[in-house]
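*Asks:* Give me coordinates for this.
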Amino acid sequence: MAVTGDAARVAVIGGGAWGTALAAAARRGGCAVTIWAREPEVVAAINQDHVNAPFLPRVALDPTIRATGALADAVAGAEAVLLVMPAQFMAAVTASLADLVGAATPLVICAKGIARDRFRLMTEVCAETLPGRPLAVLSGPTFADEVARGLPAAATLAVAAPTLGPRLIAALGSRTFRPYLSDDLIGAQIGGAIKNVLALACGIVMGRGLGDSARAGLITRGLAEATRLGVEMGARAATFMGLSGLGDLTLTCTSLKSRNTSLGDALGRGRSLDEVLQTRRSVAEGMFTAGAAVALGRRHGVDLPICAAVDAILSDGAEIDATIEALLSRPFRDETPGADA
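*Replies:* Reported below is the predicted structural model:
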């Protein structure tokens, strides 16, 4: 990959809103970009009309951004591959890339979630399906439509290899899309995954009309949950005070533009999960991450009461008011760092 980013070839695997937004950001940074999408209508819309009408309507794309439905075509000659499919499809899609992506090609994980099958982080999934490839994690407070339109945004770019970060920033960064380097891949992933669950919880609080004070408390205690789990898994606590932690949590949990927050809000207003999902095409990752996070916490001996409450509502059909009452009835705790939840 050219250090300057000039004419670097970037493949974006995933034609949803965020994949399309990252394609726009990479093109703005000077890259030649190809998007892989499984939906033929997305491929046609991008190539013919230069807009992703199904997932990111009303945002015009650079005409040089190309889309394809063939993985081999998308990654041919790519100097970096951005993995932007939903987290639960990461294993299947990356396994299909095993014979298509070179051993030295960097993989940038842009999905925020925990695999439900064996409660794995996305880096663990990629290490199994695409072993030996250089890995990076891109995570932070970003809404797809804003990034696609070129509005200012910042994100964490976590990389293990010191030389990889500057090369990726040269390719993806621009005046309005600003990646900040980190070497904490675990922290960046835990922060991004858990915030989706917490956004669901905040949406429920909003839908139930419990007030801004309750939501602020939930965000703060949720951040403590994510930090405890991350540190137990080897992350640094300071990472959760950065863009991929507090930054992402603040954005997602305070806006109904978030798929997870809006889903929670609908549930809080009394709509059933099935009813809400029938009207949606995009994935709310927190739905799948809640139970996986609780299981991962159990594996590491970390209590995640807010994540467990969300999982109980989504997976077990727990009554919302009773679940909230159970949280409010927990014993009073010490907020000192390192204390239990």
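*Asks:* Okay, now the unreliable bits of this structure?
*Replies:* Scanning the chain for pLDDT under 70 picks out the ranges 1-6, 337-341.
*Asks:* And it, split by domain according to the record?
*Replies:* 9-183, 186-328 (automatic domain parsing).
*Asks:* Let me have the ones you listed in CSV, extended by mean neighbour count and distance to Asp334.
*Replies:* Backbone N, C-alpha and C define where each C-beta goes, glycine included. CSV is the format used below for those (neighbours: other CB atoms under 10 Å; distance: least, CB to CB, whole Å):
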stretch, mean neighbour count, distance to Asp334
domain 9-183, 20, 28
domain 186-328, 21, 11
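*Asks:* wait, which of those is closest to Glu335?
*Replies:* Among the domains of the chain, domain 186-328 comes nearest to Glu335, with 8.0 Å by CB to CB.
*Asks:* From start to finish, how long is that closest one in a straight line?
*Replies:* Start to finish, the residues bounding domain 186-328 are 30 Å apart (CA to CA, to the nearest Å).
*Asks:* now that domain: how far from the chain's centre is it?
*Replies:* 13 Å (CA atoms, centre = their mean, to the nearest Å).
*Asks:* Dihedrals phi and psi, the closest residue to Val283 other than its chain neighbours?
*Replies:* Among residues not flanking Val283 along the chain, Pro86 sits closest, at 4.5 Å (CB to CB, 6 or more residues apart in numbering). Pro86 adopts backbone torsions of phi -60, psi 150, taken as degrees, to the nearest 10.
*Asks:* Three-state assignment for the closest residue to Arg66 other than its chain neighbours, please.
*Replies:* Of all residues not flanking Arg66 in the chain, Thr34 sits nearest, at 4.9 Å (CB to CB, 6+ apart). Assigned with DSSP: H, G, I helix; E, B strand; the rest coil, Thr34 falls in the strand class.
*Asks:* Look up how far Pro63 lies from Thr34.
*Replies:* 13 Å (CB to CB, to the nearest Å).
*Asks:* ditto for Ser315
*Replies:* 44 Å.
*Asks:* can you tell me which helix in this structure is longest?
*Replies:* The residue-count maximum for a helix in the chain (DSSP state H) belongs to helix 185-207.
*Asks:* Now the element after that helix, going C-ward?
*Replies:* helix 212-232 (DSSP states H and E).
*Asks:* helices and strands around the longest helix of the chain, which ones?
*Replies:* With contacts taken as 3 or more CB pairs under 8 Å, 6 or more residues apart in numbering; DSSP states H and E, helix 185-207 sits against helix 122-129, strand 135-139, strand 153-159, helix 212-232, helix 248-253, helix 259-268, helix 286-299, helix 305-316.
*Asks:* closest one to Thr336 among the ones you listed?
*Replies:* Across these, Thr336 has its closest neighbour in helix 212-232 (10.8 Å, CB to CB).
*Asks:* what's the closest one packed up against?
*Replies:* On a contact count with 3+ CB pairs under 8 Å, 6+ apart, helix 212-232 meets helix 185-207, helix 248-253, helix 286-299, helix 305-316.
*Asks:* Figure out how far the longest one is from the centre of its chain.
*Replies:* Taking CA atoms, centre = their mean, one finds the center of helix 185-207 at 10 Å from the center of the full chain.
*Asks:* Begin at 22, not 1, for the rest of this chat.
*Replies:* Okay, using 22 as the starting number, the last item reads as helix 206-228.
*Asks:* got the angle between that helix and strand 156-160?
*Replies:* Using axes from the mean of the first three to the mean of the last three CA atoms, to 10 degrees, the direction of helix 206-228 lies 20 degrees away from that of strand 156-160.
*Asks:* Please consider this matter closed, and thank you.
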